[in-house]
Each structure stands twice: as C-alpha cells, then as structure tokens.
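A.B. asks: could you look at this predicted model? Sequence included:
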Amino acid sequence: MPREIILADNAGFCFGVRRAIEAVDILPKEQGRNTYVLGQLVHNPQVVEKLKERGVIVIERHQLDIPKPGDTVVITAHGVPDS
C-alpha cells in the first residue's frame with residue numbers, strides 16, 4: 001500500500017539548533033583562526049560534514065590538547081562535565 005509523505009510548512013531545525021549552526025558556521029571566516037567543536041554540535045551527519053568542509057574541526061574530550069591559545073572552542077548545548 002503506497003504511503004504519502006506530507007512535509008509541514010515549518011519543517012526544519014528548531015530555533016536553537018538553527019542558531020547554533022549559523023553561529024559556528026561563520027566563525028572560521030569571521031575570526032580567521034581555528035574553530036573547534038567539542039563533540040557533535042548537532043546530531044545530523046550531513047550538517048556536521050558541511051561544517052567540516054567550511055573549516056570547523058570536531059574534537060572529543062580526550063583531544064582537548066589540540067586547540068592552541070587563540071583558537072575558538074565551541075561546547076555543545078549538551079554541555080560537558082567539569083572534569
């Protein structure tokens with residue numbers, strides 16, 4: 001039985017996710033230095049890949065020694081433990 005997919009008029013990312021993507025997307029060009037995201041900014045592999053293509057570098061907690069002074073590190077909305 002065929003099914004019909006109806007796309008809502010307002011489909012897409014929520015405001016917070018859209019804002020985070022837009023903010024991180026401009027950092028490498030705007031600041032002219034390395035931009036790192038600690039963990040995945042969003043759970044969308046296509047978006048993460050596009051950010052990487054634009055110069056955003058994704059790192060994990062065990063890689064925190066990679067950014068150097070002057071680099072930008074963005075922490076995900078999910079937060080990180082104090083340690």
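C.D. replies: The structure has been received and is ready for your questions. Because the structure is predicted, anything quoted here is derived from the model rather than measured. Numbers count the residues shown, from 1 in each chain.
A.B. asks: for G12, which non-adjacent residue is spatially closest?
C.D. replies: Computed as C-beta to C-beta, 6 or more residues apart in numbering, the closest residue to G12 that is not its neighbour in sequence is R18, at 7.2 Å. Bear in mind the C-beta positions are built from the backbone N, C-alpha and C, glycine included.
A.B. asks: go through the helix or strand harbouring that neighbour and flag the buried ones.
C.D. replies: Per DSSP states H and E: R18 is located in helix 15-31. Using 16 or more other C-beta atoms under 10 Å as the test for burial, helix 15-31 gives 17, 20-21, 24-25, 27-28.
A.B. asks: show me what it is packed up against.
C.D. replies: strand 35-38, helix 45-53, strand 56-59, strand 72-75 (3 or more C-beta pairs under 8 Å, 6 or more residues apart in numbering; DSSP states H and E).
A.B. asks: so what's the residue count around the nearest residue to P28 once chain neighbours are set aside?
C.D. replies: Computed as C-beta to C-beta, 6+ apart, the closest residue to P28 that is not its neighbour in sequence is G55, at 3.6 Å. When neighbours are defined as other C-beta atoms under 10 Å, G55 has 13 of them.
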